[in-house]
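1. one predicted model, sequence on top.
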Amino acid sequence: MSEDLLLAPEVEKALREGRGVVALETTLVTHGFPAPLGLEVAAALEREVRAGGATPATIAVLDARLRVGLDAGALERLARGAEKVSLSNLAAVLASGRPGSTTVAATAFAAHRARIRVFATGGIGGVHHGAAETGDVSADLAALTRFPVAVVCAGAKAILDLPKTVEALETLGVPVYGYRTDRFPAFYRRDSGLGVDQRFDSIDELAAAVGAHIRLGVGSGLIVANPIPEEHELPRELLESALGEVLAGEKTARGRDVTPRLLERLSERTGGRSVEANRALLLSNARLAAALARALGGPTRG
């Protein structure tokens, strides 16, 4: 599609034939989980997408190309060390030839360039606590206003200021559709106490609304909020206590360093239970994304 963007043959074929494709990000491999769990989770996500009748397109920067669709060898290379890549440093990492793992923002960009309409992740970035003083707001929010991709997620990351993140999504014109829920999920918890714009209880209804949003050409992406499976939800008391300790104790990280540092500390405070919950919600999101991508079909049907 361009000298900087390389589609795996399997992904290119699926798109050409009008079959569903699901984009997957790679910061979970390099920054989201302790090694070697990140690699195991990435492989499990691809299996879930295939089991759901869609083609996985895991995205990363390798060999000075933005690659859409990775084999096992490429993922292993990435796991040995990669820079966390968002929109602000994507071009620089490409030009340098260094490996890079893509955030939500960079993955949404690559998916849009490749004409992939569905992207599965854990949770989006958003407005950090204290953003009024620090200005720390994730590039994910800006990306969602620019790239018309449906992002299937368990809401926003729990370490964020969720009310302000949801308010920002509304201000930016990014719809939030709840799948079998009318509440915005809180990542490790099913209900943040905040609402969604519209609830859908079937894949066909959801796909119709997602397809209509993209065809209208509004220009923005959209959130498909999928709560963590109930059996994997963290107890409220444990999560609130752990989050309180983590947010009070971590004041030094900024920019792309914030989320990995805070998630690592949260895992320590929960005895690893947050890591297991993260894995469970990622797999759940991959299953839903596969069903949505299959219902939507490829770009020729859009």
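-> Right, received. Where do you want to start?
2. okay, now the unreliable bits of this protein?
-> Scanning the chain for pLDDT under 70 picks out 1, 249-261, 298-302.
3. okay, strands next: where are they in it?
-> Here the chain has its strands, by DSSP state E, at 5-7, 21-24, 55-62, 65-68, 83-85, 100-102, 118-120, 150-153, 176-179, 183-186, 189-195, 198-200, 222-225.
4. measure stretch 5-19 end to end?
-> One end of stretch 5-19 to the other measures 20 Å (Cα to Cα, to the nearest Å).
5. tell me, what residue is most central in this structure?
-> Compute the mean C-alpha point of the chain, and by Cα atoms, centre = their mean the closest residue is T121, 2.7 Å away.
6. contacting residues for that one?
-> By Cβ atoms under 8 Å, 6 or more residues apart in numbering, the residues touching T121 are 24-25, 28, 104, 107, 151-153, 282, 285. The way it works is simple: take the backbone N, C-alpha and C, and place the C-beta from them, glycine included.
7. P9: which of those is nearest?
-> Within the contacts of T121, proximity to P9 (Cβ to Cβ) peaks at L24, which comes in at 17.2 Å.
8. and the closest one, how far from A168?
-> Distance of L24 to A168, given as Cβ to Cβ, to the nearest Å: 25 Å.
9. follow-up on the earlier one: between the contacts of T121, which sits nearest D4?
-> Distances from D4 to these, taken as Cβ to Cβ, are shortest for T107 (15.1 Å).
10. find the nearest non-adjacent residue to the closest one, please.
-> Sequence neighbours aside, E25 is the residue nearest to T107 in space, at 4.1 Å (criterion: Cβ to Cβ, 6 or more residues apart in numbering).
11. surely that neighbour is in contact with F109?
-> No: between E25 and F109 there is no contact under Cβ atoms under 8 Å: 11.1 Å.
12. quick one: which of those two has more around it?
-> E25 (28 against 21; other Cβ atoms under 10 Å).
13. who's in contact with that one?
-> E25 sits in contact with 58-59, 101-104, 106-107, 119, 121, where contact means Cβ under 8 Å, 6+ apart.
14. V176 now?
-> Shown in contact with V176 (Cβ under 8 Å, 6+ apart): 166, 169, 184, 196-198, 222-223, 225.
15. cutoff 7 Å now
-> Contacts of V176 were listed using Cβ atoms under 7 Å, 6 or more residues apart in numbering, and they are 169, 184, 196-197, 223, 225.
16. and it, bridged to which residues?
-> The partner list for V176 in beta bridges (DSSP bridges) reads I223.
17. from A209, how far out is it?
-> 12 Å.
18. just A8 next, same as before
-> Noted for A8: a distance of 29 Å to A209, by Cβ to Cβ.
19. hmm, L62 is touching R98, no?
-> No: with contact defined as Cβ atoms under 7 Å, L62 and R98 do not form a contacting pair (9.4 Å).
20. who has more neighbours, those two?
-> Legend: neighbour count by other Cβ under 10 Å for L62 and R98, higher for L62 (21 against 16).
21. so how far is stretch 170-182 off the chain centroid?
-> Computed by Cα atoms, centre = their mean, to the nearest Å, the separation of stretch 170-182 from the middle of its chain amounts to 15 Å.
22. who's in contact with A60?
-> Taking Cβ under 7 Å, 6+ apart, one finds 26, 67, 70, 78, 100-102 in contact with A60.
23. quick one: contacts for A150?
-> Applying Cβ under 7 Å, 6+ apart, we find A150 in contact with 117-119, 210, 221-222, 224, 292.
24. hmm, try it at 8 Å
-> Counting by Cβ under 8 Å, 6+ apart, A150 has contacts 117-119, 210, 214, 221-222, 224, 292.
25. and D204, by the same measure?
-> Going by Cβ under 8 Å, 6+ apart, D204 touches A295.
26. cutoff 10 Å now
-> Counting by Cβ atoms under 10 Å, 6 or more residues apart in numbering, D204 makes contact with 291, 295.
27. same question, G100
-> Neighbour list for G100: 26-27, 30, 59-62, 66, 78, 82-86, 89-90, 92-94, 106 [criterion: Cβ under 10 Å, 6+ apart].
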